[in-house]
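S.K.: Sequence and predicted model, in that order:
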Amino acid sequence: EELRAEAEAAGREHIPVAIGIGLNTGNASVGNFGSAQRMTYSCLGNDVNLASRLEGQCKTYRVGIIIGDKTRQQAAGYATLELDLVMLKGKTEPERAHALLGGVATAAMPAYQELVRRQAEFLAQYRSAAFAEALELIPGCQAAADALGWNQGYYEIMSARVDGLIDD
């Protein structure tokens, strides 16, 4: 909002900044790496790589923050929504990807509970290849997401994906 106000005050077009964040929980090696010629401070490890891969899925699913299943388990009181099972580079098994919707206050809201219920129904139909039924559930999911104030484009993407699967 500050950037928008600054652009408007200066008579410039506002260009929104949109970034994705991937979060994962696990072990990492953190510190200075390299040699005397070139040193860098970084973090390395499988769980770091997974966080990076999850961040890359933000654009695909049109959400701002995607967390891995281990992070969701560690932050059980937070409002999260399972998005999909995703195959990520370097992994042999799919990872459960979750959107982070908010904190414990959001998780306590009836609108959040309704969204989680509807999303579970949608994912069950989607994963059982009942694509026509899954497509019919998306408007209800979108309405629940709107009631919560969470509309980042996820259901538009999933609607197009499921519709494409019906045509196949």
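M.R.: Received it, and whenever you're ready, just let me know what you need.
S.K.: CA only for contacts and neighbour counts going forward, please
M.R.: Fine.
S.K.: Just give the number of residues close to Gly56.
M.R.: Here the count is done by other CA atoms under 10 Å, and Gly56 has 16 residues near it.
S.K.: In this structure it contacts Leu23, no?
M.R.: No: counting by CA atoms under 8 Å, Gly56 does not reach Leu23; the two are 11.0 Å apart.
S.K.: This structure: helices as residue ranges?
M.R.: Under the criterion DSSP state H, the chain carries helices at the ranges 2-9, 46-61, 69-74, 104-107, 110-127, 131-148, 154-167.
S.K.: Now do the contacts for Tyr112.
M.R.: Ala79, Thr106, Ala144, Ala145, Leu148 (CA atoms under 8 Å, 6 or more residues apart in numbering).
S.K.: Apply 10 Å and report the result again.
M.R.: 79-81, 101-102, 105-106, 118, 144-145, 147-150 (CA atoms under 10 Å, 6 or more residues apart in numbering).
S.K.: Selection in ChimeraX covering whichever of the residues you listed are buried, please.
M.R.: Here is the ChimeraX selection string for the buried members of the contacts of Tyr112, based on 16 or more other CA atoms under 10 Å:
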select :79,80,81,101,106,118,144,145,148,150
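S.K.: Need the contacts of Tyr112 in JSON lines (columns: distance to Arg62 and pLDDT).
M.R.: JSON lines is the format used below for the contacts of Tyr112 (distance: CA to CA, whole Å; pLDDT from 0 to 100):
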{"residue": "Ala79", "distance to Arg62": "17", "pLDDT": "97"}
{"residue": "Thr80", "distance to Arg62": "15", "pLDDT": "97"}
{"residue": "Leu81", "distance to Arg62": "13", "pLDDT": "97"}
{"residue": "Leu101", "distance to Arg62": "13", "pLDDT": "96"}
{"residue": "Gly102", "distance to Arg62": "16", "pLDDT": "95"}
{"residue": "Ala105", "distance to Arg62": "23", "pLDDT": "96"}
{"residue": "Thr106", "distance to Arg62": "20", "pLDDT": "96"}
{"residue": "Arg118", "distance to Arg62": "19", "pLDDT": "98"}
{"residue": "Ala144", "distance to Arg62": "17", "pLDDT": "96"}
{"residue": "Ala145", "distance to Arg62": "14", "pLDDT": "96"}
{"residue": "Ala147", "distance to Arg62": "18", "pLDDT": "94"}
{"residue": "Leu148", "distance to Arg62": "17", "pLDDT": "94"}
{"residue": "Gly149", "distance to Arg62": "15", "pLDDT": "91"}
{"residue": "Trp150", "distance to Arg62": "11", "pLDDT": "90"}
